[in-house]
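Undergrad: structure here, sequence nowhere to be found:
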């Protein structure tokens, strides 16, 4: 009888219950992990752009470009504007080069040929053709020099006119009138102390 009683105490049922509880815990853990993965995936989806949003943005960008390009294409594209900007850039370049190099520069306008070129006065006293932006250049298309005025020296309508760029940071004031041959004109005024060329619409005198 004691043996039988001892056998009854060793009941496999509790182990079965324990095993069932352990399996249930593992399932709960797996479910929690899956839920967390779904939450993270959902957050990533919400953080990114949907295909529809990307398409809308691309359409808006394309529409903006189509509307803006015609506006920009009309700004400063004429031969008259281009000639004025190039000449202005050359003048500023020579002004800076004179100050940096300590040499005098000269800009020669050929009113008959509608062109201009720059020269550098070397320490030896020899005049040489300037390099880079100072090389021979011509006005674009049918653009011509209407006239050129250097205060104190007069107004010129033909021939060659020279203006000097002093290494101390000074250039002769020069008033340049450009004509495109179609009734449109621009006026450039070279400022002595800055080397900048102000550009004005039409024919202006100072």
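TA: Arrived safely. Because the structure is a prediction, the values reported are computed rather than measured. Numbering: from 1, shown residues only.
Undergrad: which parts of this structure are strands?
TA: For the chain, the strands defined by DSSP state E occupy 104-110, 115-121, 127-129, 137-138, 144-150, 154-156, 160-166, 170-171, 174-179, 185-190, 197-201.
Undergrad: state the pLDDT value of residue 74.
TA: Confidence at residue 74, expressed as pLDDT, is 40.
Undergrad: and if you look at residue 13?
TA: pLDDT recorded at residue 13 is 45.
Undergrad: ok, now residue 21?
TA: At residue 21, the pLDDT recorded in the model is 43.
Undergrad: go on, the one 3 residues further on?
TA: Here, the pLDDT recorded for residue 24 equals 58.
Undergrad: what does residue 150 give?
TA: Value listed for residue 150 in the pLDDT field: 96.
Undergrad: what do you get for residue 124?
TA: Looking at residue 124, its pLDDT reads 89.
Undergrad: could you shift the numbering so residue one becomes 359, and keep it that way?
TA: Sure thing, new numbering starts at 359, so read that last one as residue 482.
Undergrad: how many neighbours does it have?
TA: Using other Cβ atoms under 10 Å, residue 482 is surrounded by 7 other residues. Where you see a C-beta, it was placed from the backbone N, CA and C, and this is true even at glycine.
Undergrad: before we move on, back to that, which one of the strands of the chain has the lowest average pLDDT?
TA: Here the lowest mean pLDDT among these goes to strand 485-487, at a mean of 90.
Undergrad: tell me which residues are up against that strand.
TA: For strand 485-487, contacts defined as Cβ atoms under 8 Å, 6 or more residues apart in numbering pick out 464, 475-480, 493.
Undergrad: tell me the one of those residues nearest residue 519?
TA: Proximity of the contacts of strand 485-487 to residue 519 (Cβ to Cβ) peaks at residue 464, which lies at 10.6 Å.
Undergrad: what's opposite the closest one in the beta bridge?
TA: residue 477, residue 522 (DSSP bridges).
Undergrad: quick one: the helices in this structure?
TA: Assigned helices in the chain, in chain order: 360-367, 370-405, 409-431, 437-459 (criterion: DSSP state H).
Undergrad: weakest of those by average pLDDT?
TA: Ranked by mean pLDDT, these end with helix 360-367 at the bottom, a mean of 43.
Undergrad: separation between residue 526 and residue 452?
TA: Residue 526 sits at a distance of 14 Å from residue 452 (criterion: Cβ to Cβ, to the nearest Å).
Undergrad: give me the more crowded residue out of these two.
TA: When residue 526 and residue 452 are compared on other Cβ under 10 Å, the one with more neighbours turns out to be residue 452, at 24 against 9.
Undergrad: any idea how far the nearest residue to the more buried one once chain neighbours are set aside is from residue 446?
TA: Nearest non-adjacent residue to residue 452, counting by Cβ to Cβ, 6 or more residues apart in numbering: residue 463, 4.6 Å away. For residue 463, the distance to residue 446 (Cβ to Cβ) stands at 16 Å.
Undergrad: one step back: just the closest of the contacts of strand 485-487 to residue 538, please.
TA: Nearest to residue 538 among the contacts of strand 485-487 is residue 475, at 21.7 Å by Cβ to Cβ.
Undergrad: can you list the domains in this structure?
TA: Domain ranges of the chain: 360-430, 437-559, per automatic domain parsing.
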